[in-house]
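*Asks:* output the structure for:
(chains A and B)
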Amino acid sequence: MENHEWEDEIIEGIRGQKRAEPNPFLFTRIESRLEDSKTGSVWNLKFKIAVGLCALTLLLNSVLIVQVLSNRVAESTIVETNYQVDSYQFDIY
Amino acid sequence: MDTNHFKTIKLIAAGDRVAFRELYEAFKSRVYNTSFSYFQNAEVAEEITQDVFLEVFRSAGSFKESSSVSTWIYRITVNKSLDGLRHRNRKKRAGFLMSLFKKDSGELKVDLAHFISPEKVLENKEKSEFLLKAVSDLPESQQTAFILSYIEDLPQKEISVIMNVSEKAVESLIQRAKGNLRKKLEIFNPNRRKNN
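*Replies:* Below you'll find the model as predicted:
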């Protein structure tokens, strides 16, 4: 069996070493990141509302356009039909 | 002690910044030291520490008292550190691919075997630095088990909860990690070199 005393001494030497401490200003950085993410989420919400309103406006406009166009088609059909009826009646006399 | 931390977590979930600061002060060195052991880089360790505490603040509401606060924070730390390592390895791989196309990438490549010359007898500080470098070359699970056991001095039971494996598996991971570390350290053993 191989003797690993030297290697084991190094490995065991890592136990119980003093912990490294972070920068004393780290908490301030964490707090500012928390604030940023809050502001970010408010902007996210505002952005979502704006996109939603735009989509709704577009949808309403398209519905309106479709309605206007279909009304015009219906009106022109009525005019054409009346003209044909008039012509037909005129032919009788 | 943990009952106090449970109360602190509840306060944090309600948005209490004073409680958050209290928890930060209680765990900052454990979180920072663990992440530093993975990266051996103060800047990256601070980034990971920030991510861990942000996660603690955001998910305090979903904390379940089935585990201790310490175990929960260690688990977040290990996960964030491993994510960071994977991200760094992906970048390294991409860098390596790029270097195949570029003749001189200008990147300094550090090979563990040449990090400290075998001709030099290792000083105490160098020993720990070299050991940590060797630890970072271990597979993820062995690395985590070794760091939590040897550097953070946690009992195997707690490590098994953090890593979500059995205590036997933790024991085996630590043994394998030690075996691999011995192999890496062997080349610097002055007695062995004299014999050869």
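
*Asks:* and chain B, which residues reach chain A?
*Replies:* By the rule CB under 8 Å from any CB of the partner chain, the part of chain B lying against chain A is B:17, B:21, B:24, B:28-30, B:32-33, B:36, B:42, B:45-46, B:49-50, B:53-54, B:57, B:122, B:124, B:127-128, B:130-132, B:150-151, B:153, B:178, B:181-182, B:185-186, B:189-192. Every residue, glycine included, has its C-beta placed from N, CA and C.

*Asks:* just the buried residues of the residues you listed.
*Replies:* Buried members of those, scored by 16 or more other CB atoms under 10 Å in any protein chain shown, are B:24, B:28-30, B:32-33, B:36, B:45-46, B:49-50, B:53-54, B:57, B:122, B:127-128, B:130-132, B:150-151, B:178, B:181-182, B:185, B:189, B:192.

*Asks:* can you mark which positions in the helix or strand encompassing B:N89 are buried?
*Replies:* Element membership of B:N89 [criterion: DSSP states H and E] is helix B:69-101. By neighbour count on 16+ other CB under 10 Å, the buried set for helix B:69-101 is B:69-78, B:80-81, B:84-85.

*Asks:* just stretch A:18-37 next, same as before
*Replies:* Using 16+ other CB under 10 Å as the test for burial, stretch A:18-37 gives A:22, A:26-27, A:29-31, A:33-34.

*Asks:* dump those to TSV, plus secondary structure and distance to chain B.
*Replies:* Shown next, in TSV, are these (DSSP: H, G, I helix; E, B strand; the rest coil; distance: CB to the nearest CB, whole Å):
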residue	secondary structure	distance to chain B
A:P22	coil	4
A:L26	helix	6
A:F27	helix	6
A:R29	helix	6
A:I30	helix	5
A:E31	helix	7
A:R33	helix	6
A:L34	helix	6
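
*Asks:* tell me the helix or strand right after the helix or strand of chain B with the lowest mean pLDDT.
*Replies:* Lowest on mean pLDDT, DSSP states H and E among the helices and strands of chain B sits helix B:112-115, with a mean of 45. Where DSSP H and E defines the elements, the next helix or strand beyond helix B:112-115 is helix B:124-136.
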